[in-house]
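# the following comprises the amino acid sequence and a computationally predicted model.
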Amino acid sequence: MDVDGKGLTGKVFVVTGAGNGIGRCVALELISRGARVVGADINEVGLAETGRLVGDSRFHGHKLDISDREAVQRFPEVVLADVEQVDGLFNMAGIPQDTQPIAEVDDDRIDLLMRVNYYGTVWLTRAFLPHLEQRPDGGLVLITSSLSGLAPFPGAAFYGASKAAVAFFGYGLAQDLRGKKSKVTATTVLPGTIWTDLVRNTSKALGTPEALAKNFAMAPEKAARLIIDAALAGWVRAVVGKDAHVFNGARRLSSRLSERMAYAQVGRFVYRPVRRRNG
């Protein structure tokens, strides 16, 4: 997408997960650059807070459960009844997996992880692509994978599988768009540890001191800027965060090395023995 000196003035972007975390920061950053944002989230309270932070009519909040295929398929009509165009889709919504071995995760949670992290992104992207193709200067799609899409982390097998799947969907989408000489671009981003409520809760569950975890993570505002820059530049793949770059480099050298590094980082917390109480 070509962006002139006026920034993103006149552009409209759909951002899922806009009610909190990186999604909210992406929405706020896009608006700060002159765009309007249609924010989608299952959390209406979070959407209202994002709108309050914006403080004007450039943010349009819509409740959406991206695990509901029919609701997702209807969503472009809802959006276009509210705004006259859509120039890009930022797929930021996602849910975590509790740090559990495979055998301890119930089937309903596995299904929800795939429906939100993979299918929801696929459905929404397919629903908006025809509208993005109509933009004269090209639209954009941003797919959000994860550090867990680079290496298998203990206690996160199903989350990692969902994020690896959505990454390869993004790469395949970029190839399809290139093959048809489309002006639409698809960027897959692989963020490392970003300091959000999700990471805070995971660190707490693992017993990691909050100050240490926060110091290790990237601020979500910075991550949002890097994600948007990559999408606007039309990169096929972008790695965000120091730890993500470390794992990306290790994976290029050896998949076994990256797997061992992931195990060393969190394995002792996930697989630590449960102490029995006396008496």
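Structure's in. What do you need? Residues are numbered from 1 along each chain as shown.

# what is the burial count for residue 68?
15 (other C-beta atoms under 10 Å). No exception for glycine: its C-beta is placed from N, CA and C like everyone else's.

# residues contacting residue 39?
15, 18-19, 23-24, 27, 47, 50-51, 59-62 (C-beta atoms under 8 Å, 6 or more residues apart in numbering).

# the residues you listed in strands, which ones?
15, 59-62 (DSSP state E).

# just curious, which of these is nearest to residue 162?
Nearest to residue 162, judged by C-beta to C-beta, of the ones in strands among the contacts of residue 39 is residue 15 at 19.7 Å.

# and for the closest one, the neighbour number?
Residue 15: 32 surrounding residues under other C-beta under 10 Å.

# quickly list what it is bridged to.
Beta-bridge partners for residue 15, by DSSP bridges, are residue 39, residue 90.

# and it, what does it touch?
Per C-beta under 8 Å, 6+ apart, neighbours of residue 15: 23, 26-27, 30, 37-40, 90, 92.

# one more: residue 184?
129, 132-133, 135, 138-141, 177.

# can you give me the distance of it to residue 75?
18 Å (C-beta to C-beta, to the nearest Å).

# which two among the contacts of residue 15 are spaced furthest apart?
Applying C-beta to C-beta across those, the maximum distance is between 30 and 40, 13.6 Å.

# higher neighbour count, the two?
residue 40 (31 against 28).

# quick one: that one and residue 12, what's the gap?
Counting by C-beta to C-beta - residue 40 and residue 12 are separated by 13 Å.

# the strands in the stretch 101-250 of the chain, which residues?
With DSSP state E, counting those that start in this stretch as the criterion, the stretch 101-250 of the chain has strands at 140-144, 185-191, 237-240.

# and these: which comes nearest residue 108?
strand 140-144 (23.2 Å).

# quick check: angle from that closest one to strand 185-191?
Relative orientation of strand 140-144 versus strand 185-191 (axes from the mean of the first three to the mean of the last three C-alpha atoms, to 10 degrees): 20 degrees.

# show me the shaky parts of the stretch 151-279 of the chain.
195, 197-216, 273-279 (pLDDT under 70).

# circling back to that earlier point, neighbour-wise, which one of the contacts of residue 15 leads?
residue 27 (34 neighbours).

# what's stretch 102-121 in contact with?
16, 66-67, 69, 72, 91, 93-95, 97-98, 143-144, 157-159, 161-163, 165-166, 169.

# again with stretch 70-86
Contacts for stretch 70-86 (C-beta under 8 Å, 6+ apart): 12-14, 36, 38, 40, 60, 62, 64-66, 120, 123-124, 127-128, 131-132, 135, 139.
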